[in-house]
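Asker: kindly return the folded structure for what I paste below:
(chains A and B)
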Amino acid sequence: MTKTDGAPKPRRNIELLLLLLALSVGIGANALVGVDQEKAFDSDFWFQSSLLAVAALLFHVVLRLRAKYADPVILPLVVALNGLGLAMIHRLDGPDSETGNDQLRWTLVAMAVAVAVIWFLKDHRILRRFTYISLAVSALLLLLPLIPGISAGEILGARVWIRLGPWTFQPGEIAKITLAIFFAGYLSSNRDLILLAGRKIGPLQFPRFKDMGPMITAWLVSIGVLIFQRDLGSSVLFFGLFIVMIYVATSRVSWVVIGVGLILGGGFVASRVFSHVGLRIDGWLNAFTPEVYDRQFGGSLQIVQGLFGMASGGLVGTGLGQGSPNTVPFANSDMIIASFGEELGLIGLFAIVLMYLLLFTRGFRAALGTRDAFGKLLACGLSFAIALQCFVVIGGVTRLIPLTGLTTPFLAAGGSSLLANWIIVGLLLMISHTARSPVDTTPLPPGTETDTRQAVPAIPGQPGSPAPPANHANPD
Amino acid sequence: MNQAIRHSWIAAVAMFALIFGAISYVQVVGAEELKANPLNSRTLLQNFCNDRGAIIVGGTPIAQSVPGSESCKFQRTYTQPELYAGITGFFSKNFGVTGLEKGMNEQMEGTSDQLFLDRVGQLFLGNQPKGASVELTLDPAIQKLAYDLIPDGQRGSIVVTNPKTGGIIAMVSKPSYDPNLVATQDEAAAEANINELNKVPGINLNQNVSGPTGALLAPGSVFKLVDTAAALSSGKYNKDSVLPNPAELSFPGIEYRLPNYAGGNCYTQDTASFAFALQQSCNTPFASIARDLGRDAIAQQADKFGFGQEMGDQLKLDYDTREFPDDLDAPGLAQSAIGQRDVRATPLQVALMTSAIANGGVQMKPNLIKTLRAPDLRIIDEPKPEVLRTSTTPEISRQITEWMTSVVSNGIARGAAVPGVQVAGKTGTAELGTDGLNNSWFTGFAPANDPQVAVTIVMQDVDITTGAQLTSPNAKKIFEAVLNK
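Answerer: Sure, this is the predicted structure:
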């Protein structure tokens, strides 16, 4: 912790400044929404705004205490996105719906869980010990929606929900994280084995069949999710996550080739065999055909109405509260990007997408900076998952690719998604903290318990993981 | 490993580049196309309560926006609603936009490019957006006269045009309806009204087109004008040709016989000149011509008269149109040549055909718009007459005109004769089945040597006598009314 020239700075004050900016964006948007609906600045508004502000500032304080070298841009970006989402959901609430308040409650819960992760986990490398437990948990989470009793049944064609008392929850969102932990742990331990053995075919070195075990597992999981849960989006997300992580672990393009081949093959077969996939693709290709548009299941009404909304927004948008995004089904969840496109226009939507771009870029930066292979893989996987999820959702809404049921991180209404993404943010903050903190303090952050001490020393000796000098890791 | 991380980041950024592209396409590049999509009711919802330009006939608004309720500032209302329903269409929140309300929507809304500067001005001055007014070519007196000439309870259409300009002077049909019932801001009432209106035979407001622009009817003998033009332009026939005129046309190996028209004097001759065949509207001479020339020659001439073709960009109304049928056996071709079987034409289509004959073979684009005026009454557009297509040569059209004149002076369209004026005309009686009911047609123009007006009348589901009373004599009244002005 000695202060020397070039030593990394915590930059928490910059974070505070950006955080205030982010809060003013979210709360300002909420105020604008209120102005239009003639209920501006009522007690609800002040209550909600202050809750969000207090939660964000508490989060900031926790970072000061526990992860003071964490990336200063991540938290403000996420708070801004979450605040915008809250404002839009509030704006879309009818007289009898309370989705806005639900979303605020879930935001607070999710932030609390993320804070707890940072506070109690202290160092992401501990997670490596849970590699196979994570696999088991992932499997359990993915199976839950299929188990009678807790399954919430088929909602909108997909079996991805469970019901616990009054709550419904989408365990697949959390499985995204546990799968990333499993892949990171497995690959960081076995990458040498995977790298060295293999057969060269042309310019590509292909892995041995038995090393393809985890890839086949991931493929089966994705296909299983697709078949049994009818969730195309999650299936693509899980598999994309795995391809990126195995590519980063091995630096071999051959894995990407095999992976993309598997996903295209699986997707093609699925589109032929499973009507719901075929309908999605038909609804994408022939969206404007009246028969497809009016079809009750897998029809394109939703996407077409979303496109109309975005088109009516044009370059500058109608202004918050001035458009009619409610004509689009699921305007506050699956289609919230179209709602933003309509009311904030191309300019506003570009700003939002840029925020995501900055967010995952900071995540990749943390992956570059951190010194352990597990952390690199985890940060890279989680960041790529955010990017891929945005691509699948926004690409689907803009009819670039078929629309699937993924949520827009931090914006869309839905507790499970908020919770999962805030946990990801907590993990990324933690990894960025280790990436940027002075190298001599890394293995023993203040308050590290004995068992951590045992696990951590093994990591610097990790083969193939370069240990860049501390200043090199400073992204600023 | 770090290199692979950078590559993954590049892949992620590449995905985002695609997203930026897709957003740009949807919100800017392709936005106009999306806004114009028929499934898109959003623009309508946004503009439903705005002040909208009026539709004006003879200085009087027939559709205008009047102050509405607190929540919806303007209400579209139609004065003389039934008289103009087929022209104006309606502007409804839940049941779409039809007629000129649809065709001139951008202009009346104020979003067309022609009004760009006005829009910028409104933006800075903070004025309410207000669209352009549309003044029509219709003559209110002729419109009213034509409308009243169709008895209540009778289905029929009348189209009156200026063959030299393509300007539409009157266009009416019955049954008509009150567009106010559908345009009302009271959504529940609008729904109840539209359901009630749709029960009336001949009204289907869920359809885009109906009446003069949309009713596809068997044209019957007026189609013989197409046969005549086809015959003359083939070079195989000339004005002195002698046509076979048997009482029945038989087909080798088939029992079916095509009979001659029973109403006139066809039975008196077993051969006929073009003049006689047209005057008495004999069937067998034209069926023989078609058999001689073949399906394609008739179809090509029908195309040239506009059957199944575009009507040009000046009409601003949705329309239907049908080509001469394909895949005909010999009796089918014979029946089609006399405008029966599957030949279909709208009243406006027949009017365009006649107008082309009147105008030396040149078909003008049908046009309803006289001027387009900005909110400050400045004229921003004034469509000029434009040629749609050449249907036939001046010589052939002059020859057909001469024969059509003899149909009125000597033949079965005598009722259309106007004292002191040469009137050219042709009737048609399309049999609808076995119950003796017909579509009764008249189409013609006057004066024959310098056509000022073309009139097309069709009365649906009438017996021969009623049909004869409601067509030619009514055409005479319209000719007189237009020419005496």
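
Asker: pull out the buried residues from the host helix or strand of A:G100.
Answerer: Assessed by DSSP states H and E, A:G100 sits inside helix A:99-116. Residues of helix A:99-116 classed as buried by neighbour count (16 or more other C-beta atoms under 10 Å in any protein chain shown): A:T99, A:G100, A:N101, A:Q103, A:L104, A:W106, A:T107, A:A110, A:M111, A:V113, A:A114, A:V115. Heads up, the C-betas are built off the backbone N, CA and C, glycines and all.

Asker: which other helices and strands contact it?
Answerer: helix A:43-66, helix A:74-92, helix A:415-436 (3 or more C-beta pairs under 8 Å, 6 or more residues apart in numbering or on different chains; DSSP states H and E).

Asker: relative to the whole chain's centre, how far out is the second one?
Answerer: Centre-to-centre, helix A:74-92 and its host chain are 15 Å apart (C-alpha atoms, centre = their mean, to the nearest Å).

Asker: what do you get for the longest one?
Answerer: The gap between where helix A:43-66 is centred and where its chain is centred comes out at 22 Å by C-alpha atoms, centre = their mean.

Asker: and that helix with helix A:415-436, angle?
Answerer: Taking axes from the mean of the first three to the mean of the last three C-alpha atoms, to 10 degrees, one finds helix A:43-66 and helix A:415-436 inclined to each other by 30 degrees.

Asker: which residues touch helix A:43-66?
Answerer: If you take C-beta atoms under 8 Å, 6 or more residues apart in numbering or on different chains as the criterion, helix A:43-66 is touched by A:10, A:12, A:15-16, A:19, A:22-23, A:26-27, A:30-31, A:34, A:39, A:70, A:75, A:79, A:82-83, A:86, A:90, A:100-101, A:104, A:107-108, A:111-112, A:114-115, A:118-119, A:122, A:429.

Asker: please pick the buried ones from those.
Answerer: A:10, A:12, A:15-16, A:19, A:22-23, A:26-27, A:30-31, A:34, A:70, A:75, A:79, A:82-83, A:86, A:90, A:100-101, A:104, A:107, A:111, A:114-115, A:118, A:122, A:429.

Asker: is it true that B:P179 touches B:I87?
Answerer: No: look at B:P179 against B:I87 with C-beta atoms under 8 Å: they stay out of range, at 10.1 Å.

Asker: shouldn't B:K316 be in contact with B:K370?
Answerer: No: B:K316 sits out of contact with B:K370 when judged by C-beta under 8 Å, with a separation of 11.9 Å.

Asker: where does the closest residue to B:L437 other than its chain neighbours fall, secondary structure wise?
Answerer: Spatial nearest neighbour of B:L437, chain neighbours left out: B:D461 (4.9 Å); criterion: C-beta to C-beta, 6 or more residues apart in numbering or on different chains. Secondary structure from DSSP H and E places B:D461 in strand B:453-462.

Asker: A strand includes A:L18, no?
Answerer: No: counting by DSSP: H, G, I helix; E, B strand; the rest coil, A:L18 is not part of a strand but helix.

Asker: okay, now it: neighbour count?
Answerer: For A:L18, the count of nearby residues is 20 (other C-beta atoms under 10 Å in any protein chain shown).

Asker: list the residues that contact the closest residue to it other than its chain neighbours.
Answerer: Nearest residue to A:L18 in three dimensions, chain neighbours excluded: A:P76, at 3.7 Å (C-beta to C-beta, 6+ apart). Counting by C-beta under 8 Å, 6+ apart, A:P76 touches A:E15, A:L18, A:L19, A:L21, A:A22.

Asker: any chance of CSV for the residues you listed, columns pLDDT?
Answerer: CSV is the format used below for the contacts of A:P76 (pLDDT from 0 to 100):
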residue, pLDDT
A:E15, 93
A:L18, 95
A:L19, 94
A:L21, 95
A:A22, 95
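
Asker: measure the nearest residue to A:L406 once chain neighbours are set aside to chain B for me?
Answerer: Spatially, and ignoring its direct neighbours in sequence, A:L406 is nearest to A:G233 (3.6 Å; C-beta to C-beta, 6+ apart). Per C-beta to the nearest C-beta, to the nearest Å, A:G233 is found 14 Å from chain B.

Asker: alpha carbons only: can I get the helix or strand hosting A:G233 in CSV?
Answerer: Here A:G233, judged by DSSP H and E, is contained in helix A:232-250. Provided in CSV are the C-alpha atoms of helix A:232-250 (Å, rounded to 0.1, in the frame of the first residue of the first chain):
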residue,chain,number,x,y,z
LEU,A,232,-34.1,-19.7,-27.7
GLY,A,233,-32.5,-16.6,-26.3
SER,A,234,-31.0,-18.2,-23.2
SER,A,235,-29.8,-21.1,-25.3
VAL,A,236,-27.9,-18.8,-27.6
LEU,A,237,-26.6,-16.8,-24.6
PHE,A,238,-25.2,-19.9,-22.7
PHE,A,239,-23.5,-21.2,-25.8
GLY,A,240,-22.0,-17.9,-26.8
LEU,A,241,-20.7,-17.4,-23.3
PHE,A,242,-19.0,-20.8,-23.4
ILE,A,243,-17.5,-20.2,-26.9
VAL,A,244,-16.0,-16.9,-25.9
MET,A,245,-14.6,-18.3,-22.7
ILE,A,246,-13.0,-21.4,-24.3
TYR,A,247,-11.6,-19.1,-27.0
VAL,A,248,-10.0,-16.8,-24.4
ALA,A,249,-8.7,-19.8,-22.5
THR,A,250,-7.1,-21.4,-25.5
